[in-house]
Structure formats: structure tokens, C-alpha cells
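>>> this one's structure only:
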């Protein structure tokens, strides 16, 4: 039976909340006195986080991009780096990485076309809507923390483009036209819309409702999610993690589809790294959000194991790496490791 849809969306703060010293009362099966604080969870990776953020700032160019290393100038990579800075408590022009965060904002503003599309020629990706979704998400979070008229105008135009590009099925795909859809691009757009709405930008409820219907039709009886609706085998860990977060972003926080999705993720994680190696950082980024939102024993099992795995993967220069480049992987890893901070509204419970 489907969980009720909260199309008004749950209200979250428009300002970052640093909770490094606040006890997380999450697992009902664990005594209250045994609950680890955010600071205790993060302590084993504090040095790794600092090295990762320092790498991003050190290698950022004056215009806010990250150069020609694979996808270094892609809007998604710049936006994710900005999200990593926000997750550490910095905001545009404030905090230890405020300057780098502001350069990310300026880069995305400078590459927002009159149509509202955030795109960079030659930056490499399957299509511009991936980058556009991540860019809109970051611009919304940055605007909520540091309001600026020019940023709001660009954000509003980026949101209008997403709304207009939704196809009849309720999803989105690579190009900014309402033609076809897949779950991977769709999750980028619904998270962006959720963040924009939290920042005070209007999002039509019907857009959210159609998206929710599309995501639900991508889920299989085993709890996993397909790339597109239809009788296919469930995609493994990364896209199924994205499917659970898409439900959260559309206003569904509990119910059968959430439980089945989380159970599927835990089965896949328990099956070994082979189930998570393809699009590894993408999968961990969404799994972190899925497990953090549900909290409890699932989160307390998932986070320490993932934290230690990420620390072991870090390179000597402070970066992480994968096929999409070091800046992408480093930003993703830093976001995941800093999840307990709750500094970014879209990641808050």
C-alpha cells in the first residue's frame, strides 16, 4: 500500500545548523546513553575531511571551476564542491571555505543561460540536465544561506526550466525537453526542486505529484529500482539508493516503498563491494541521505562502515578519484563524511 504523499513538503531551516556537539537520538534499540554524538561519529575522519576540502580549494581556478581534468568544469562538479564546503559549515564568503564556496556560486551564475539552463560547453556529460540539476540544488542551498537578488533570479529561471522539461510520465532525462525520462536524471531534478521550494521559490505541486508517480513506477517488488519503469531486474546499489532519496524528496518519509527500498540497499551493501563499485561515489552520496533520513540502527550500521571505507580510499594529496575525476569523487566523499553535521538544509532530517 502506498504511503501518503505530503505535497506541502516538510519544512527545513534555511540556515545551516552545525550540530557537531549534539547527541543524535536515533536507534530505538540502543539505550539513550549509548548514542554517539555527531562529533564522535565524525572524529575518525576529521583529518580526511579537512584534507579533502583543502584539496578542492587548492585546485579550484579563479573562475570557480576546476579545469580540464575530465569533468572539472562541469556544473555538477562545481556544485558538488560547493555542497562539500556548505556541509562543513562554510557559506558564501563566510567560514574557512567561504571564498571557495562563493567562487562556486559565481561560476554557476556566469554559466546560466537566458533560458535558465546551467551549462558549460565542452564540460563533458551524458547531457546537460545532470549538471543543471546539481547546479540548481546548490544554488538553492546557497541562496537560502546567503540571499542575493542576482542568485535568486538565476535560481528561479533554473527552476522554471526544470518544471517545463518534465515529460508526460513525470520524469526527466538528459536534454531540457519533455521527451523521455529515467530515474537517474529525475532524482537530480526533484532534489533541486525540493531545495528551491525550501528557499522560497515556487514549485507547482502537480510537478511533484507527477514525479512521485514516476518514481514509484520504477520500483520493483524486491524494493530495488529500475532505470526506467517496466519489467526489468532491479538496478544495483547506486540507482536504488537514488530511488529512495527521490521518494524522500517528493515528500514520502515512511511506508512500504521506503522500507522495501532500504532493505534492498542493506542486502546489496552486505553482498560485497562488487555490488557498489560501479558509480561508487554516486551510490554512497544517495545512500548516505537514505540512511541518515531513516536514522536508527540502519544509520548506525551504515555510517561507520562507509566512513572507514572512504578514509581508506583517500589518496596522499587529500583527494579521492574515479572515472569522473578527482574533484567529483572528492566532493562526493566529503559530503558523505560530513552528513552528521546537518549543515545543509536538504540533508537535514
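Good, I have the coordinates. Just so we're clear, the structure is a prediction, and the values are computed from it rather than from any experiment.
>>> ok, residue 45 touching residue 309?
No: using C-beta atoms under 8 Å, residue 45 makes no contact with residue 309, being 10.5 Å away. In short, each C-beta sits where N, CA and C put it, glycine included.
>>> Which of these two has more residues huddled nearby?
Using other C-beta atoms under 10 Å as the criterion, residue 45 and residue 309 rank with residue 45 on top: 23 against 13.
>>> Double-check that residue 178 belongs to a strand.
No: going by DSSP: H, G, I helix; E, B strand; the rest coil, the assignment for residue 178 is coil, not a strand.
>>> Find me the pLDDT at residue 121, would you?
Reported pLDDT at residue 121 in the predicted model: 85.
>>> cool, residue 236 as well?
pLDDT recorded at residue 236 is 75.
>>> And the helix or strand of the chain at the bottom of the mean pLDDT ranking, what's buried?
Scoring the helices and strands of the chain by mean pLDDT, DSSP states H and E places helix 256-270 at the bottom, with a mean of 90. Burial within helix 256-270, assessed by neighbour count using 16 or more other C-beta atoms under 10 Å, is assigned to 257-258, 260-262, 264-266, 268-269.
>>> Pull up the gap between residue 337 and residue 51, please.
To residue 51, residue 337 is 11 Å away according to C-beta to C-beta, to the nearest Å.
>>> Which one of those two is surrounded by more residues?
Shown here are residue 337 and residue 51; by other C-beta under 10 Å, residue 337 has more neighbours (28 against 18).
>>> residue contacts, that one?
Contacts for residue 337 (C-beta atoms under 8 Å, 6 or more residues apart in numbering) come out as 42, 45, 48-49, 52, 307, 310.
>>> May I have the phi/psi pair for residue 118?
Per-residue torsions, residue 118: phi -90, psi 110 (degrees, to the nearest 10).
>>> That one contacts residue 133, doesn't it?
No: counting by C-beta under 8 Å, residue 133 is not a contact partner of residue 118; they are 9.0 Å apart.
>>> okay, those two: which has more neighbours?
Under the criterion of other C-beta under 10 Å, the comparison of residue 118 against residue 133 puts residue 118 first, with 31 against 27.
>>> Please name the nearest non-neighbouring residue to that one.
Counting by C-beta to C-beta, 6 or more residues apart in numbering, residue 135 is the residue found nearest to residue 118 once chain neighbours are left out, at 3.9 Å.
>>> Could you list the low-confidence segments of the stretch 151-300 of the chain?
235, 270-277 (pLDDT under 70).
>>> Done for today, thanks.
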